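Q: Show me how the following folds:
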Amino acid sequence: MPREKLLTTTGFIHWQASAHLMVDINTAMAAAAAERRNRGTGDKERKKNRSGADMGIESFDPVKHVSKEKADTVSMWLVISFAATMSLLMRYVAMPNSQDNSDLLWFIPMMAIFLLPSIHRAILPEKFVEHYTKGTWFKASFLHIFTWLALTFLLSNAPFADIVAPEVDDGWGMISSSEEGYDFTKSSDGEVTLTEGYTGSHFIVLAFSDNYDAADAEYAISYSWLDKNESSADNSWSEVESVDATALDSVRTHKDIDYPVAIAIPEGLTEGSYDFVIKVTEDGDPWENTRTVTMTLVVEELVEEDSTE
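A: A predicted model of the protein is given here:
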């Protein structure tokens, strides 16, 4: 077969059969690039067309997904309703009769979480129940507990309930008469001190505050060191107020709603320790509230100074 000798622009000599067309380098490179592009597009298309199962992902069923979402929503409202019913029953049925056994007020609602699966199966249709798993009961348990706690806190506090007796507002102390009215001495370590042979008027003072009007409670004041028939004492606040209406300001943070108390210290107490007791009784809701406050007066021995010349 005859051959031709061709000189290309690059200076190389190519021998090629005259029966074939000559292909230059640029054309060959363009063809190779086009082939690579086609191969890349095919790979992307194959990746795009791969199913979730081929990639290890569970196939998505829209109908099943919607059914499960509906089942979860129904379960949520069922649990909230159950927890709300439990809260109302414990507050208005169990609580008034459980003052001496208050542990039942939290034990019964906590144990109720074991009823949740049975309640779902008894009330809801099978088309919902079939979607529930152990994870459903786990989430339902937490929803029940936190819903019950939130509603219980709401129903056990003002204005829905009053389960705590009035408490001491801002500490207590003693006032002693002076030329300008009364001087206040704050208690230290639960006691105040006088020196034997003291003179003038002295009062143990404090104030009580409450969610409601603290004045509605009953306050029984007594001297613990005296006989029961002689130990009762009166609230002398009106006597103190007539002399100095601001005498108790040091122990009154809520003057507009508190109940001030002033207990007169008897004259002539000798060296020793004396307890002043206030028992507070309030007709609360749902039960009777009580509180006992004890304040101690220490009368120290009078030490006479030696006068030696």
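Q: quick one: low-confidence parts of the protein?
A: Segments of the chain classed as low confidence (criterion: pLDDT under 70) are 1-24, 39-58, 305-309.
Q: which of the residues in the biggest helix by length in the chain are buried?
A: Longest among the helix segments of the chain by residue count, using DSSP state H, is helix 62-89. Judged by neighbour count using 16 or more other CB atoms under 10 Å, the buried positions of helix 62-89 are 68, 71, 74, 75, 78, 79, 80, 82, 83, 86, 87. Using the backbone N, CA and C atoms, a C-beta is placed for each residue, glycine as well.
Q: after it, next one along is what?
A: Scanning the chain past helix 62-89 towards its C-terminal end, the next helix or strand to appear is helix 104-111 (assignment: DSSP states H and E).
Q: so residue 127 is in which element?
A: Going by DSSP H and E, residue 127 is in helix 126-129.
Q: Dump that helix to PDB, restricted to CA.
A: What follows is the C-alpha trace of helix 126-129 in PDB, where atoms were taken according to Å, rounded to 0.1, in the frame of the first residue of the first chain:
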ATOM      1  CA  GLU A 126     -56.200   0.200  66.500                       C
ATOM      2  CA  LYS A 127     -55.100   2.500  63.600                       C
ATOM      3  CA  PHE A 128     -53.400   4.700  66.200                       C
ATOM      4  CA  VAL A 129     -52.200   2.100  68.700                       C
END
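Q: Against residue 101, how distant is the nearest residue to residue 119 once chain neighbours are set aside?
A: Sequence neighbours aside, residue 82 is the residue nearest to residue 119 in space, at 6.4 Å (criterion: CB to CB, 6 or more residues apart in numbering). Spatial separation of residue 82 from residue 101 under the definition CB to CB, to the nearest Å is 23 Å.
Q: Also residue 37?
A: When CB to CB is applied, the distance between residue 37 and residue 101 equals 82 Å.
Q: returning to that earlier point: distance to residue 129 for the buried residues of helix 62-89 - can I get that in TSV?
A: TSV is the format used below for the buried residues of helix 62-89 (distance: CB to CB, whole Å):
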residue	distance to residue 129
68	12
71	8
74	10
75	9
78	11
79	14
80	18
82	16
83	20
86	22
87	25
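Q: care to break this protein down by domain?
A: The chain breaks down into these structural domains: 3-48, 62-155, 167-300 (assignment by automatic domain parsing).
Q: among these, which is nearest residue 161?
A: domain 167-300 (5.2 Å; CB to CB).
Q: Any idea how far apart the tips of that closest one sit?
A: Taking CA to CA, to the nearest Å, the span from the opening residue of domain 167-300 to its closing residue is 30 Å.
Q: mind checking how far it is from the chain centre?
A: Distance, stretch centre to chain centre, for domain 167-300: 34 Å (CA atoms, centre = their mean, to the nearest Å).
Q: can you list the residues that contact stretch 243-250?
A: Stretch 243-250 is touched from outside by 170, 173, 175, 177, 181-182, 184, 186, 205, 207, 237, 240-241, 255, 260, 262, with contacts defined as CB atoms under 8 Å, 6 or more residues apart in numbering.
Q: 6 Å instead, please
A: Residues lying outside stretch 243-250 but in contact with it, judged by CB atoms under 6 Å, 6 or more residues apart in numbering, are 175, 181, 182, 184, 205, 240, 260.
Q: Put the buried members of those residues into a PyMOL selection.
A: What follows is the PyMOL syntax selecting those of these that are buried according to 16+ other CB under 10 Å:
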select buried, resi 175+182+184+205+240+260
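Q: Select from the contacts of stretch 243-250 every entry located in strands.
A: Assigned to strands by DSSP state E, the following of those qualify: 175, 181, 182, 184, 205, 260.
Q: so which of these comes closest to residue 152?
A: Proximity of the ones in strands among the contacts of stretch 243-250 to residue 152, judged by CB to CB, is greatest for residue 260, which lies at 33.8 Å.
Q: Report whether the expected contact of that closest one with residue 239 is present.
A: No. Taking CB atoms under 6 Å as the contact criterion, residue 260 and residue 239 are not neighbours in contact, 11.7 Å apart.
Q: quick one: the strands in this structure?
A: Taking DSSP E as the criterion, the chain carries its strands at 3-7, 13-17, 167-178, 181-186, 191-195, 202-209, 218-223, 232-233, 259-264, 272-283, 288-300.
Q: would you list those in a markdown table and tack on distance to residue 110?
A: As requested, those are exported to a markdown table (distance: least, CB to CB, whole Å):
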| stretch | distance to residue 110 |
| --- | --- |
| strand 3-7 | 97 |
| strand 13-17 | 93 |
| strand 167-178 | 29 |
| strand 181-186 | 44 |
| strand 191-195 | 43 |
| strand 202-209 | 33 |
| strand 218-223 | 36 |
| strand 232-233 | 45 |
| strand 259-264 | 38 |
| strand 272-283 | 29 |
| strand 288-300 | 25 |
